[in-house]
Every structure is written in structure tokens, then in C-alpha cells.
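Undergrad: missing the sequence, but the structure's below:
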């Protein structure tokens, strides 16, 4: 079978690195080009040392690329830059975008959280890339706006429950813990080993940008939800405690969600009472979910774990590629956690 | 000034080790004996390697100890054993107990959480050792029941707020993260490096034993509070997110609490908007607290950080000793965090 | 293509877990049974939580297994037990043994390091499973004795250099650092998170058992080599500093070794001056090697990095399987490091 | 007793932070000023968050300081800057310098390793601040050049052995492992959590600048010594394997060194066969040393562990202050390791 040729734009961040890792084990993709304007001319292994073990094209400038060779591009650029670059790409090219530029529909909401004007030019061509929820849309659209890492871990359990009126759309309290790679490879003091090691702290507890996706996807308001992101000293992973109000028992909610996701290869709803452990999903595209009754009447606790860079970003992007290009949904995504 | 002679019973656990570390820098205490029945005859450094740098008595059997030499003992035995041993000690001896055996007053509540009968023999002689709340009681009583680590981080902000009707005594959601030393030096698979490293998970989310202290101290019921303890991959530290209902603004609550603790040397209520970082308090006896408005009307978030072994256990035990023996309250407890 | 059916004996250790992880991505193997006498009747995921995402047979007793269904077994039992169990297996069954029971040929050397009698019964059927060195032997023999993790990292560079007289067979100083999974999943105090985190120490510095393999494979004597193993606080990985005496320059040695391993898929000899980083090889079957001139005349430093559980154990075992069963040598072993 | 007033110049690095931590527990020092030109006007806690728990002066510009108030300054500036600033200070002021600017005597050696001209202006006023070796000199001189962290761990065992002809001054191989704080608080990609976590690697293996101190202090040549520094994923600590040639047995060397350091409060030579563990010394001013016979005739292995920021830098600086100002040698330095 001939491989589908793709390109990656924005080669220097963790999401590009993770995509390369995953595509390396995909049976039907070949990477035709890597774009990184500031790193043009370098080998990929000069950016990520471990890529010395892979066979990859050199990093190019965007202007040097021949787009006619590829069927799709993965766009790993930062917020703001991504929409600008995508606007310049050939108009038929499929684009899987890992930035936040196309995640939000509502221009006012976007303005409120991102402080800038929403690019609405491609609106009709965009699908929100939460694979299990929007698969049919993803198969049809040209541009996929892959969700943020936090929203992925949070919306996978919440959308089916809230949309099907199993959980109230209000008083949702989310206390989410993340490994530090969620902050990207930014060279700032806060990301130094000595600052994160043996440390943990909440940050941005009222208006983290990812909250805008949660609000729009659940069709709720800011005052319905508290989202407290927190750093824990791991490289990867997000584990979210989601406290919701529901008249259903945890057992009923679990049963409903397990049935809802019965055919979803990457979602596991624990029916045994097990609680998710971050390590189970690190490096994988899985999402592990448990629901338990809290001591407070009507309050249920959902615990949801993913890898922020895999299911929360590049893994889901590849899953979306698989949906768009009629590949097996788990092609390139079959690996288990590396344990220990 | 002659030093106060003390003994430590139960020398093999982390709380004893931490006490020894702290007492080592206390200007007015000398350790007269270390009791550890299973380790009798050993040097302390055979139990904790780093103690080779301290000058300590050999570990003894309880039966070998001459109690007439000491003014107080710190009892670092496990739950259940502690009360039994304390019952055999000279009746006038001051006892600072780090176990849970005397923390609870209500026999029914104790039974519910511990599954056994509460020892009520010494009831009139016991003070609950939450130093900043019960200082006057601690100065008068013979036996101090030092609080659990989680309750310390949670009750220090909540007791003043709930007792003074600044916060509702219901719908309290506590999402607390702890380093693994909270599990003690138990040699079980769950505590292995390879199980904890790069991992995080909730455990025991409906009836952790420490919840009983929270319920009794706040005078609330089990259905008023959800307590979700979670492991993060650090050696030490507890950082708790406490979601409460209050008609007051975070600014008002902060101001109230800051004033309430104005003279408390170890409590810092951040009035600047800073959020606590675990690392700031690790190895110290400090508790750092911030309060913020959440997005949900009436819901406030308190974040509270302590070191589970210091303020959450042995540090508070030493602070209680200082109160009992008219020492400076921070004697032996002045050190800052070792950073980085 | 029909899959080759295999069984795994000794399902509870890290090497079995790693084998299962790797085989999960192998296109041509199916796991027919898992044997674990003490865990018989359990799901694999009860032993390793992350295996809930794989489809595996339940753990069985050895006595329950129908060996006629499989072409090969991987034996992941501890030292001593392995030889006993292998003796009871069908005499034609191919066996890939991850223990040390068949690694040593010399009975006296074995006795010296293991304190017991060498099992010489299968001697003629055994190959030492250092894949790149003994490939032709591995293809022919029935039982493969997979090397220890330290020897793998050390012998891959040393055997070609010493055997081809590029390096002296004396005064070899090896200072090797290992992640703690090298100690296995043993539930002992030394392996607790709190003992290893932020720690590092040498252990067993004169007669580590793996030294016997180094001595025998290089055909040298104990007094020719110093091997100092050291723990560093990582889950995985071995990075060895090997100080040798050689009249050749580092550049010459590098060139020689790079040429020697030119066709070896898993061995990378850095010709650029790069030094190996542990993270590049963790989770992979790669061995990364650099050689540099030291300041001391005639002394060269080889730095060699592998993953102790992959190339150092289960990955090499699978590579040996591939050689034995005419699979692509890297089948199931193509993954890159999970970075970060 | 009135406190000795001191100032700290260069307030933004780890060494200043560590000095502040240690002085906080010193009974007889008060910090009169903190100088940090780029941070002038800030609170110390804006640079190091944990300092919110200390009572410190605001950071000032050098030009704002009134030096007449202080008896000594600690100079925590980077290499090159330090000598320039010290040249401008009052000529009688005692200076404890933590940079490398005055560590080397030989101008040629300095040029070779630092690439610039040695400042020889204050030569007669400088003592090399390896406290246990040069105590009498330190007491008399005005400027103390505190040793580098690696040289401290290496020279403490080697100087007595080499100078007393117990060990040969040639073929010394040093394989030293360091926590990442040794690289300072530099905001570079290499120091990010995600780069260091679960990683280890050698760097700069032929001409690390600290090698110049080792060469000069031992009075040897570059070709006599190989020094391979390596990063391990801890915040703090250095543990060095030092392979030497000696006709004496390890037992004899141990006995000699133990006797040599019998009165040294901070040096522990293990006579029991124990090997040093990094954690035992982290956060403390101790140096733990063991010597063992290797398998190679005449080769001995010294293992030496210190905290790079305490004994390897600020702790030793404070010890030197104590010597200079007739304080108890361990004033401010009595704390044990925080364990776990």
C-alpha cells in the first residue's frame, strides 16, 4: 500500500516531536517535509536529540516547500501564527491544526479568552477534532482544530453526560493536574528542572484559555464552571478531578458512559471501581475514566486521565488523520504505556 | 539553660526521623532515649542512614527505658499501638502523640472510620494538637493528639472561617495532593519508586480516615464534605484545593484570615494574590494559604500548602512541645525550605 | 501471515511486563499463555495495571499449560528457578531465557559469582543472546541466554574492540549508572520512592554478578576489570562510562566500531562528537555509543547508553526471537523514545 | 551578642539563595543588604518565592550600598564580573567570593581554562577557601576564593592522600555525578525539567573549568587526570567516583584519612564499609567519604558525596566566614539532611 505523504509545519515544539514519534510507527504515512523557519537547514535531531534514531528530512523554510507532494499537513504552530500560515496554504490541502486558532466558534468568547479577533474565514471547513465526539464531522471537513489537552480529558466524559442530561450543566468544579510538558518547550524560569522538581502549584485558576473550549462545547457559561489547573512534577499526563451535580448514581453514570463509548478503542470507562492512574496512559492515546459517588448528595466525581501530548494533542491529531484518510482508527497509536 | 530531656517511642518511621532532624536544631531539647522494639540494639543510623551525622543514643526496648529521666515523650507508633503503649507510661509524663489514637472524641465516629473502639480512658487529659487553634488547651493538657497531615492543611484555613460563619459548613469539596511519604515507610508495592515516579492517582476517595478529624473539628457531617486525596510524585508535601460556599468575597475572606493569623508565626495568608507553591513549605513548619474567587457564584477556592512530615506531623508536634514547655514557639522550627 | 504463538513464563516481573508491551506492537506474535504460579487465575492487569488496555490471556499455573500450541517460550523467572523450569519443558521447545541461569559457561566462574553449581545439562543447546555479536549462533540454538542489562551496555562496545585488539584486555574501569527498575519489582525498603528519589549511590562495587559475564565474554580475569554499578533516580536506563587503555585514538576507535556496526540497526556509534543521553534510548532497543580521548595518555572513555529493560533485557529477547524465527530483526522494536 | 553585619552581592543566583537560607539559621549574622543590579527594588521573595518566609532587606543597586555598615560581603557574582566588583569595594572589607575569579594562582593555567587574563591584583590577600585544608590561611586573609563544587568533593579526599604520598599523583580518573542546580539558574533549554527528568549524560569531559583547580591544588598536570562530569536528575548533590593508584590498601587509606579528618566536623570517613549516599548530605555541609579496594591491583576507589550548593558552595562560604570571624565552625551549618 502506498503511504500517504504528509508534512509537519512548526517542527520545534513538543507536539511536532510527538507526532514524529507516533508517525514513525504508523504503517501508512511518510513524512515528506518538516517546516521550521527558525531552524531551517537543521536536522530534526538537532532539535530533538532522540530523533537521531529516525530517518527524517531536514527542516525547511515554509517558502521552500512543494505542497503538491502531500495530501495533508499537520500544523504545530503557536496560537495566532497557525491561522496566518494556514491561510497561505493551497486551498484544497487537508490541515490538521494543533493550535487553538480554530477551536472556538463564538467570536465574542474567543475575544474574551484570547484577547484578539477570531479568524472566521474557514469556519465552514473546520471540524472540532475531539475524535470520539465528532468523528463523522472530522471525516468530512478539510481543517481539523484539535482540542486542547485539558479540554480533551474533561470533555470526553462530560459531553455525553451533559448533552444527554445525565449531569447538570452547572456548578462543575474541575481540579486538573498536569505534567509540565503542557507548558511546551518554552525556555522560561518556571519550566526549569529546579523549579518543578518536588513542586506542585495551581496557576491561572480563573480564566485559563482552555476554559473557553469547555464552555462552548458544553454550551454553558463561565459562571457554571470552575477550572483549576495545577502543575505536578511529571513530564507528561493530565489527570482531572471533575465534580458534577447529577441525580444519577455513579453506577448509572458509569454504565451509561461505558455503553456510550463501547466501540471507542481509546476510551476506557472503568466499571470495576478502579481509579485511573496517570502512568497507565502516559505515552498512549488512551483516556481512562472512572466515576464515583462523593459523600455529598447529588455530587459525583469523575476522574479522567490522558497523556497531554498524545490523546491531548498529537495522538488525537493522528487519530483524526486516520479518520480523514480511512485508515484504521488506531494506526500508529497501538502502543501501551512504557512501564515502569 | 539546661535542656529538657525527652524520649522518642517508635523510632523506625518517618515521623520519628523527622522529629530527630528538627530536635537536632532545637536549642533546648536533648534526646535521652529512642525506643523501637524491633530495632532494639541498633544505632539510629542503621534505620536512617543520614543519622550517622547526628549523635544519638542507641535504640532500646520500651522495657529498658528509665522514664524518670525525661520530662516528655514523643510517641511515633502506628495507630492502635500508640494508645496501648501510652497506657503503660508513668501517669504524670507528658506525651506528644503523633498517632491517630486520641485525635477523635466521638466514639461512634471513631468506630465508623477506624473500625475499632475508641480508647476514652485519657479523654480529660487530651488536647487536639492543632497548634494555632488549640494553643491554650495544649499548654494545659498532658497528652497532645497531633492532627493528621491532611487535616492540618485543611483545618488551619477552615476552622476560623467555618466557626466564624464566614463559610458554610456544607458542600465542602477538598481535592488534596500529597507526596508519598504520607504513606509512611511501609514496604509495599505501591510505595516503590517505579510505581510512583511519573505517576499520580486518587485513592480512598470516600472515607479516608483523616476525614473523621475534619468532620469532628468542623462539627459537620460526612455528607457535608467530599475529600479526595491524591498522590503526586514528590517525597513530601500536601497542597489542598478546598472549594467552599461563602457569601464573602475572596478578598474579605483573605483579610479575615490574615487578621486571624496575624500573630501566628507559621501561617502565611497571601494577601497579594500569590498562589502557594509546595516547594516553599517543604522541610518547614509553615502553612501557606491563598483564597480566590472561583467563576461559580458563591464558591471560593482555598489553596493551602504544608509539609506533611513537618507542619503536618513532627514539626507541629515540636511546636506543641514548645507551647507545653514555655519555649519560643518556633524553637527548632526556624529553617526555611531547602531550595532548589 | 499467521502469527507465531508464544508463551511467557514468570509473568509478574518487569521483564515480562516489558515483553508484553513490545509484543503488543509486534506484527507476527501472539501470546498464547502467561504463567505465574503465585498469580494464577488473575488477569494480567491485576499484576500490571496498564495492561488493562491490552487483550491478554489470564495467568495460569505452569501445570495447566498446553505447550503443544506454542513455538517458543520466553522465560522471565528469577535466577535459579529458571533452569529448573526449563528442564521440565518439552525438549524441542525453543526457549528465550531472560535469567542468568545459562549465561555463564565456566562452572568455576559461575560458582564464584552465584555461589551455586552451574546447570550444564543444556550447554550444547545454548547461545549467549547478545544479538549483534552472536546472531549466527542465536539462529541455530534452542535456548537463548539473554545477557544481563549491564553486560549488554558494556560488551556491545568492548567485545569488538578487545577481540580485535583495539583495546587492552586489562585495567578496564567501568562506572555504570542505572535506573532503579534494574533491581526488579522487589518489595524492599531500598526500592521505595522515598529512598531513591533525589538519591544516588554505588552498590556492590567489587563483585556484582554481572561482572562474571563481562569477564567470560572478554576472556579476561577479575583483576583486569573494575565494575562500579550505581543507582540514579530514574525508572529506566543504563549509561556506562568505560575507561580503557588503547594505543588508538578515539577517532580511530570510533571509526572502527562504527564500521563494525554499520549494519546493526540498533547500535549507533556517534561519529560527530555527540555524547549519549540516557533519554534518547529509554523505552527503545537502541544502544548509543561514543568514544572520546581522555586527558590521560592511552586512556579512552567509552560512553554507552541503553534501556535496561529493553535492549538490556526484553527488547533483546525479542530481537533474538526475531533472529530465531526469521522475522525482520526490528519487528516489534521500531519505537522511538517517548520524549519528553 | 551583637550580630556581625554582612552584605550579599549578586542576589539572583542559587548560591545567594542558599546563603540566605543558611544565614537565616546562623545565630550571629544579620544580612544588611542584598545587591542585584538587574533586580534592584524588588523583594528577595520576588526572586526566590520561598523567601517570603524570611525577613530580608529589599534588593539594591551596588551603587546604593553603604559599605561602612558591614564587616564582610559574600560575593555571588558570575565568573568575570566578580573580580571587577571586588576591585571597587572598600580595601579593608573582608570578601568571601563564591566565583572562580580568585581560585587559580597560575596565570597560564587560568588562561588555558578560562580563556582570559587572571586578575592578580589581590593575590597576596587571597586564600583558597577549602576550609579543612586551608583553615589557618583563611583566618588570616582578606579575600576567600571559595572552591568550585566538584573540586570540593574531589580535593577533600585527594589532597591529604596525594600530598602525603599515600596515592600517586597520576592516572587519576574521576567520574562525578551532579544534580542540575550545579548549572545555576540559567534559563536555557538544557536546564528545563523535560530535558533533565529521567535523563543522565556526561558533558564537557576533557576540559571542565573545575579541572584547573584540581590540577593546581594537587600540583599535577592535565595529563595526570581525567575528569568526567555527568548530570543526574536531582536538584542537588555531587557524588564522585575517584579511581586512584596507591600501594596502600583501602583499609590503610581509610584509616589515614579518618585520622587526618578526626577533628573535622563536616568530614566523615566511613570506616565501616558503608558507601556514601547522596541523600545523606543533601542540604547539609557534610562530606561523606569511603575508600574501597577495586578488583584491579593498585587501583583504589574513593567515593565522595557533598551537596553542591552547601559544602560545594554557600555552606563552605559560611564555614569560611565562621573561621574568619571566630564563630563556632558549624554555626548556621548544623542541620541534617531533610529525609526523605
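TA: Sure thing, it's come through. Everything quoted here is computed from the prediction, not taken from an experiment. Residues are numbered from 1 along each chain as shown, chains lettered A, B, ... in the order given.
Undergrad: contacts only, for the residue of the stretch 1-150 of chain A found nearest chain D.
TA: Going by C-beta to the nearest C-beta, chain D is nearest to residue A:14 of the stretch 1-150 of chain A, at 7.6 Å. In this view, the C-beta of every residue, glycine as well, is placed from N, C-alpha and C. Taking C-beta atoms under 8 Å, 6 or more residues apart in numbering or on different chains, we find residue A:14 in contact with A:181, A:184, A:185, A:309, C:340, D:194.
Undergrad: can you check residue A:285 too?
TA: A:266, A:307, A:310, A:311, A:315, A:316, A:318, A:319, A:330, A:333.
Undergrad: what kind of secondary structure is it in?
TA: Using DSSP: H, G, I helix; E, B strand; the rest coil, the structure places residue A:285 in coil.
Undergrad: next, count neighbours for the nearest residue to it once chain neighbours are set aside.
TA: Nearest non-adjacent residue to residue A:285, counting by C-beta to C-beta, 6 or more residues apart in numbering or on different chains: residue A:315, 3.8 Å away. Close neighbours of residue A:315, defined as other C-beta atoms under 10 Å in any protein chain shown, add up to 30.
Undergrad: list the buried ones in the host helix or strand of residue A:315?
TA: Following DSSP states H and E, the helix or strand that holds residue A:315 is helix A:315-324. Using 16 or more other C-beta atoms under 10 Å in any protein chain shown as the test for burial, helix A:315-324 gives A:315, A:316, A:317, A:318, A:319, A:320, A:321, A:322, A:323, A:324.
Undergrad: spatially nearest residue to the residue in the stretch 51-200 of chain A positioned nearest to chain B (excluding sequence neighbours)?
TA: Here the stretch 51-200 of chain A gets closest to chain B at one residue, residue A:194, 3.4 Å apart by C-beta to the nearest C-beta. Distance criterion C-beta to C-beta, 6+ apart; nearest residue to residue A:194, sequence neighbours excluded, is residue B:340 at 3.4 Å.
Undergrad: residues touching the one you found, list them.
TA: Counted by C-beta under 8 Å, 6+ apart, residue B:340 has contacts A:194, A:195, A:197, B:279, D:14, D:181, D:235, D:236.
Undergrad: would you map the helices across the stretch 201-340 of chain A?
TA: For the stretch 201-340 of chain A, the helices defined by DSSP state H, counting those that start in this stretch cover A:210-218, A:250-260, A:278-281, A:315-324.
Undergrad: need the winner for burial among those helices.
TA: helix A:278-281 (a mean of 28; mean count of other C-beta atoms under 10 Å in any protein chain shown).
Undergrad: assess the claim that residue A:89 and residue A:67 are in contact.
TA: Yes - counting by C-beta atoms under 8 Å, residue A:89 does reach residue A:67; the two are 6.6 Å apart.
Undergrad: contact residues of chain A facing chain D?
TA: A:14, A:180-181, A:185, A:187-189, A:191-198, A:233-235 (C-beta under 8 Å from any C-beta of the partner chain).
Undergrad: switch to 10 Å and redo it
TA: Within chain A, the positions adjacent to chain D are A:14, A:47, A:49, A:179-181, A:183-199, A:201, A:231, A:233-236 by C-beta under 10 Å from any C-beta of the partner chain.
Undergrad: please name the nearest non-neighbouring residue to residue A:144.
TA: Closest to residue A:144 by C-beta to C-beta, 6+ apart is residue A:129, at 4.2 Å.
Undergrad: list the residues that contact the one you found.
TA: By C-beta atoms under 10 Å, 6 or more residues apart in numbering or on different chains, residue A:129 lies in contact with A:96-98, A:102-103, A:135, A:137-138, A:141, A:143-147, A:152, A:316-317, A:319-321, A:323-324.
Undergrad: in chain A, which spans are strands?
TA: In chain A, the strands defined using DSSP state E lie at A:4-9, A:29-35, A:59-60, A:72-75, A:94-97, A:126-128, A:143-145, A:172-178, A:201-202, A:225-231, A:238-245, A:267-269, A:287-293, A:299-306.
Undergrad: the third one: how far from the chain's middle?
TA: For strand A:59-60, the separation from the chain centroid amounts to 25 Å (computed by C-alpha atoms, centre = their mean, to the nearest Å).
Undergrad: is chain C within reach of that strand?
TA: No - applying C-beta under 10 Å from any C-beta, one finds strand A:59-60 separated from chain C by no less than 17.0 Å.
Undergrad: avg pLDDT for that strand?
TA: For strand A:59-60, the mean per-residue pLDDT is 98.
Undergrad: just checking: what are the partner strands of it?
TA: strand A:29-35 (parallel) (DSSP bridges).
Undergrad: now the last one
TA: Sheet neighbours of strand A:299-306, with direction, are listed as strand A:238-245 (antiparallel), strand A:287-293 (antiparallel) (DSSP bridges).
Undergrad: try the first one
TA: Sheet neighbours of strand A:4-9, with direction, are listed as strand A:29-35 (parallel), strand A:72-75 (parallel) (DSSP bridges).
Undergrad: winner for burial among the ones you listed?
TA: strand A:72-75 (a mean of 26).
Undergrad: hmm, back to that, can I get the contacts of residue B:340 in a markdown table with distance to residue C:157 and pLDDT?
TA: What follows is the contacts of residue B:340, written out as a markdown table (distance: C-beta to C-beta, whole Å; pLDDT from 0 to 100):
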| residue | distance to residue C:157 | pLDDT |
| --- | --- | --- |
| A:194 | 33 | 98 |
| A:195 | 37 | 97 |
| A:197 | 32 | 98 |
| B:279 | 40 | 97 |
| D:14 | 36 | 97 |
| D:181 | 32 | 98 |
| D:235 | 32 | 98 |
| D:236 | 32 | 98 |
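Undergrad: for those, which one is nearest residue B:41?
TA: Relative to residue B:41, the closest of these is residue D:236; by C-beta to C-beta it sits at 33.8 Å.
Undergrad: separation between residue A:339 and residue B:94?
TA: 49 Å (C-beta to C-beta, to the nearest Å).
Undergrad: er, residue A:198 actually
TA: Separation of residue A:198 from residue B:94 (C-beta to C-beta): 35 Å.
Undergrad: who has more neighbours, the two?
TA: residue A:198 (26 against 21).
Undergrad: hmm, back to that, what touches both of residue A:89 and residue A:67?
TA: Taking C-beta under 10 Å, 6+ apart as the criterion, residue A:89 and residue A:67 both touch A:7, A:73.
Undergrad: out of these two, which sits in the busier spot?
TA: Between residue A:89 and residue A:67, counted using other C-beta under 10 Å, residue A:89 has the larger neighbour count: 18 against 14.
Undergrad: in contact with that one, which residues?
TA: Contacts here follow C-beta under 10 Å, 6+ apart; on that basis residue A:89 touches A:7, A:9, A:62, A:65, A:67, A:73, A:75, A:95, A:143.
Undergrad: and the residue nearest to residue A:39 when sequence neighbours are not counted, how many neighbours?
TA: Ranked by C-beta to C-beta, 6+ apart and with sequence neighbours excluded, the top spatial neighbour of residue A:39 is residue A:59, at 4.7 Å. Counted with other C-beta under 10 Å, residues neighbouring residue A:59 total 24.
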